[in-house]
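Student: using only what follows, build the 3D model:
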Amino acid sequence: WEHWAVAGFLPLYPLLIRLLAPIFGGVGAGVLISNVCLFLSLVLFERLLRLELGDDRGESAGLAAGAALLLFPSSLFLSAVYSESLFLLMSLGVFLSARQGRFASACVIAAFATLTRPFGVLLAIPIVVEFWFSWRARDNPDVGQRPKVFELLWVGLIPLALAGYMAFCRSVVGDPLAFIHHKTRWRGAMSGPWRAFVRWWEAGPTAHGAHGSTVELVIALVCLAMLVVMVRRLRPSYTLYTAAAMILALGSTLWSFSRLALTLFPFFMLVGMAWADGRRCLPAAYAFVGGSLAALFMALFSNWWWVG
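Tutor: I've put the predicted structure just below:
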């Protein structure tokens, strides 16, 4: 059972904790890693928005988007001993590298992200999409250096990283999909993206809890609505990645959806862009509601109530 439980978690975050544990202790190492990654994520977030919107508007949007991330109801997990901050940092690194045409770097980062959270494999989507757009622009004299076709071969590192861990799981517990089967014990088997909503009804709606959490339901519905806006406001790479991640997340249960949504940073980009465009009412309302729930969840979590 011990070996099976260990193989049930992707290895990068636990390995980093083990590396620093002799100095800071296990919990101290986890908190340090999470908060350093959170700080670096905020830096990359602003850089990414500067790249997308230009320096002046991008700076305003980047600061507002970072604030929106920190005011999200489940943002406490970004500073706790969870892998969300590490995965968020690498996700931003993948997008920033791909948007700058550094596809080999994006693929290497995505391979490490795949060893952090299962959604890491989905980072191949924005890499391929941005490569395609760069390649199609090869006849535009205003575009910089065009990507070489062989650069796309680096995408193979992403499934290769996952295959390596699957081989490890098979050698340790005899189950190459242990990290998936471990999660299905409490999240349930995968189905279509409607399954989470059906399960919410079947479980019996409650204010907040596991499969019947109405708080998680509302957050999921808001994210779906924002996905429609994202189609119009952001590049296809952001929308396709976010949509794919949401389809997977909603394929089993609403349990922990708000924690999973933390790493889907394009949602927070929309809030930052609205602020930078002078549409301050919705971001202000988001800050009030999200900040209030974040404070409540932090208080509950510190008193041993599970909130995400």
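Student: residues contacting the residue nearest to the spatial centre of the chain?
Tutor: Geometric centre of the chain, nearest residue: T263, 2.3 Å, by CA atoms, centre = their mean. Neighbouring residues of T263 by CB atoms under 8 Å, 6 or more residues apart in numbering: E84, F87, L88, S91, R117, F119, A245. In this view, the C-beta of every residue, glycine as well, is placed from N, C-alpha and C.
Student: can you check E216 too?
Tutor: Counting by CB under 8 Å, 6+ apart, E216 touches W200, H208, L254, W255, S256, F257, S258.
Student: the last one reaches S74, doesn't it?
Tutor: Yes - in this structure S258 lies within contact range of S74 using CB atoms under 8 Å: 4.1 Å.
Student: now do the shared contacts for these two.
Tutor: Common contacts of S258 and S74, defined by CB under 8 Å, 6+ apart, comprise G308.
Student: mind checking the SS state of V129?
Tutor: Put simply, V129 is helix when judged by DSSP: H, G, I helix; E, B strand; the rest coil.
Student: excluding its backbone neighbours, what's nearest it?
Tutor: Closest residue to V129 apart from its sequence neighbours, by CB to CB, 6 or more residues apart in numbering: S237 at 4.1 Å.
Student: tell me which element that neighbour is part of?
Tutor: For S237, the element it lies in under DSSP states H and E is helix 236-249.
Student: if I've got this straight, the residue nearest to the centre of the chain is in a helix?
Tutor: No - counting by three-state DSSP, T263 is not found in a helix; it is coil.
Student: pretty sure I109 sits in a strand.
Tutor: No - membership of I109 in a strand is not supported by three-state DSSP, which gives helix.
Student: any idea how far L152 is from F103?
Tutor: Distance, L152 to F103, using CB to CB, to the nearest Å: 7 Å.
Student: those two: which has the busier surroundings?
Tutor: Shown here are L152 and F103; by other CB atoms under 10 Å, F103 has more neighbours (24 against 17).
Student: would you confirm that that one contacts I127?
Tutor: Yes - counting by CB under 8 Å, F103 does reach I127; the two are 6.2 Å apart.
Student: rewinding a little: what's the lowest-pLDDT member of the contacts of E216?
Tutor: pLDDT is lowest at H208 among the contacts of E216; the value there is 83.
Student: now do the contacts for that one.
Tutor: Residues in contact with H208, defined by CB under 8 Å, 6+ apart, are T214, V215, E216, V307.
Student: residues making contact with the strand or helix carrying P22?
Tutor: P22 is located in helix 12-24, with elements delineated by DSSP H and E. Contact with helix 12-24 is made by G26, G28, A29, G30, L32, I33, V81, S83, L86, F112, L115, T116, as judged by CB under 8 Å, 6+ apart.
Student: which of those lies closest to S97?
Tutor: Nearest to S97, judged by CB to CB, of these is F112 at 12.2 Å.
Student: any regions of the chain where pLDDT drops low?
Tutor: Residue ranges of the chain with pLDDT under 70: 1-8, 138-147, 186.
Student: 80 instead?
Tutor: Residue ranges of the chain with pLDDT under 80: 1-9, 136-151, 179-190, 209, 306-308.
Student: which helix runs longest in it?
Tutor: Looking across the chain with DSSP state H, the single longest helix is helix 26-53.
Student: mind listing what's buried along it?
Tutor: Across helix 26-53, burial judged by 16 or more other CB atoms under 10 Å covers 29-34, 37-38, 40-42, 44-50, 52-53.
Student: hmm, A161 is touching T114, no?
Tutor: Yes - applying CB under 8 Å, one finds A161 in contact with T114, separated by 4.7 Å.
Student: of these two, who's got more company?
Tutor: More neighbours surround T114 than the other of A161 and T114, with 28 against 22 (other CB under 10 Å).
Student: give me the nearest residue to the more buried one, chain neighbours excluded.
Tutor: Nearest residue to T114 in three dimensions, chain neighbours excluded: G120, at 3.4 Å (CB to CB, 6+ apart).
Student: for that neighbour, grab phi and psi.
Tutor: Per-residue torsions, G120: phi -60, psi -30 (degrees, to the nearest 10).
Student: isn't S34 up against L78?
Tutor: Yes - using CB under 8 Å, S34 is in contact with L78, at 6.5 Å.
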